[in-house]
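J.: Provide a 3D model corresponding to the input given below.
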Amino acid sequence: MVGFGKDEETIFFLKPMVKAVDADDRWRQIRTESEIRLEIFRSGFRRTAHVTWCLAADDLLRLYPDLTPELWKATREHLLGAEVTVVLLGGEPGIIERFADYTGREVEPAKCAEHTVRYRFGSRTKLPGGGVYWENAIHRPKTKEEAERDIKLFFGGG
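T.: Sure, this is the predicted structure:
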């Protein structure tokens, strides 16, 4: 059972980067996801558990409760039914802040520092209504409260 002791924990999962059209597309996606995970672990973040999860509509509503209708539609199209590997990182003080610095703090990849996961692997998609949907490559909580919510969802039966 995952606990919330003195040390912090957080989670992440890599969002699908492309809609795989064929086996070559899927292979490129798997290689990129593996490269990102390897970088994360080589940077000193410690995986304490992981689970494979197929994202349902209820999961997306819990993860992204404040989206506009246009962004909700794009998020649903991008992530609904996606199979992701959710990784639990911990447990050390300050891991949520440190991981946000490493992955990129902004939703928009171009506004993140050049060394971050979101800057290097994110992209943007124009929406039919003129808005923009940022495919920022990685989901990770921004706050301790969000981390606790996400950990309960994926690891605590939440």
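J.: Would you confirm that T125 contacts G131?
T.: No - using C-beta atoms under 8 Å, T125 is not in contact with G131, being 9.7 Å away. Yep, even glycine has a C-beta here, placed from its N, CA and C like the rest.
J.: any residues in contact with both of the two?
T.: Overlap of the contact sets of T125 and G131 (by C-beta atoms under 8 Å, 6 or more residues apart in numbering) is empty.
J.: Report pLDDT for I96.
T.: For I96, the model assigns a pLDDT of 95.
J.: Just say helix, strand or coil for it.
T.: Each residue gets one of three states, and I96 gets helix by DSSP: H, G, I helix; E, B strand; the rest coil.
J.: so what's the nearest residue to A56 once chain neighbours are set aside up against?
T.: Leaving aside its sequence neighbours, A56 sits nearest to L80 (C-beta to C-beta, 6 or more residues apart in numbering; 7.5 Å). L80 sits next to 55-57, 60 when contact means C-beta under 8 Å, 6+ apart.
J.: among the residues you listed, who's most crowded?
T.: Highest neighbour count within the contacts of L80: L55, with 22 neighbours (other C-beta atoms under 10 Å).
J.: Nearest residue to the middle of this protein?
T.: H139 (1.6 Å; C-alpha atoms, centre = their mean).
J.: what pLDDT does P69 get?
T.: pLDDT, read off for P69, is 90.
J.: ok, back up a step: can you tell me which of the contacts of L80 is nearest W72?
T.: L60 (8.1 Å; C-beta to C-beta).
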